[in-house]
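Peer 1: Build me a model:
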Amino acid sequence: MATRPQPLITLTTDFGTRDAYVAAMKGVLLGLAPQARLVDITHEIRPQDVMEAAFVLREAVPYFPPGTIHLVVVDPGVGTERRAVALRHHDHWFVGPDNGLFTLVLGTEQPDELVELNRPECWRTPTPSQTFHGRDIFAPVAGHLAAGRSLQEVGTPRTRLTTLRWMEPSANNESILGWVVHVDRFGNCITNISRELFERYRSGRSFKCYVGSTPFTQVHPTYGAVAPGEALLLFGSSDLLEIAVNGGNAAELLGIHQGTPVHIIFEQKPTRKPS
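Peer 2: Have a look, this model is predicted:
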């Protein structure tokens with residue numbers, strides 16, 4: 001069986017770090033692929049929040065090298081009829097529950113290969129815990145892949161994933177309506193409104209942005225462009241519109257949370273139609 005040199009495995013879970021769950025998964029991984037490098041993307045996903053996990057994963061995956069295996073265990077349906085899957089997409093491998101998370105990461109694209117993990121000989125035990133598939137199914141399969149096994153060796157080919165879709169902002173010449181899709185640990189509130197969409201419909205006009213308890217009329221280049229404690233709009237590292245507070249927590253200060261609507265109203269007619 002061929003072995004990939006120093007395979008790289010990332011881990012994304014909602015387990016936190018106070019319990020033994022993550023350590024148990026890492027122990028299984030290293031038992032099967034002792035040469036593997038393990039990288040924690042995060043274990044602080046809100047419990048059972050598939051959408052948050054997909055957002056974080058989507059932001060991180062493009063910066064990992066080809067051949068990386070991404071182990072993702074945010075699994076509110078553990079022990080039910082939801083499938084366990086592994087897939088390959090653009091020379092990255094993903095292992096986890098088939099609950100829509102992977103379609104959120106892939107967007108409109110289809111995986112290059114997809115298998116259902118229905119081969120008990122590739123699990124830690126043929127009688128896995130009904131509450132901890134991360135340890136007993138997903139980590140062993142990721143370990144086997146890191147040790148050189150192919151997808152066809154660990155599962156049965158399938159053609160479709162369970163589908164979830166991001167809610168897209170609505171936009172016209174008068175306004176844009178979007179939502180906060182993620183609140184990071186600093187309290188910055190990240191929306192689903194991209195810089196490209198905003199500038200295309202803004203067309204050089206002034207605007208008012210209504211979100212939480214504060215209206216905004218200006219986009220700033222960075223957090224320090226306003227006084228400490230002052231709220232602001234900016235486009236962050238993902239080129240998505242953010243509501244932030246310089247040195248503070250925008251979510252707490254302004255009463256914003258995941259799902260809060262963000263309404264931008266343009267104040268006069270555009271000089272040109274959006275292209």
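Peer 1: what ranges do the helices span in the stretch 151-275 of the chain?
Peer 2: Along the stretch 151-275 of the chain, the stretches classed as helices by DSSP state H, counting those that start in this stretch are 151-154, 195-202, 250-254.
Peer 1: Show me the domain layout of the chain.
Peer 2: Annotated domains of the chain cover 8-157, 170-266 [automatic domain parsing].
Peer 1: longest strand anywhere in the protein?
Peer 2: strand 175-183 (DSSP state E).
Peer 1: How about residues contacting it?
Peer 2: 51-52, 55-56, 166-167, 169-171, 189-193, 197-198, 201, 211, 240-241, 243, 251, 256-266 (Cβ atoms under 8 Å, 6 or more residues apart in numbering). Every C-beta, even on glycine, is put in place using the N, C-alpha and C of the backbone.
Peer 1: run the last query once more with 6 Å
Peer 2: For strand 175-183, the surrounding residues in contact (Cβ atoms under 6 Å, 6 or more residues apart in numbering) are 55, 169-170, 189-193, 201, 251, 256, 258-265.
Peer 1: which regions of the stretch 1-150 of the chain sit below the pLDDT cut-off?
Peer 2: 1-5 (pLDDT under 70).
Peer 1: Okay, buried residues for stretch 155-168 please.
Peer 2: Neighbour counts over stretch 155-168 (16 or more other Cβ atoms under 10 Å) mark 155, 158, 161 as buried.
Peer 1: for stretch 234-243, same thing?
Peer 2: 234, 235, 236, 240, 241, 242, 243.
Peer 1: Could I get the full set of helices for the stretch 1-150 of the chain?
Peer 2: For the stretch 1-150 of the chain, helices defined by DSSP H, counting those that start in this stretch occupy the ranges 21-32, 50-60, 101-106, 133, 139-146.
Peer 1: Indicate which one of those is closest to residue 112.
Peer 2: helix 101-106 (10.3 Å; Cβ to Cβ).
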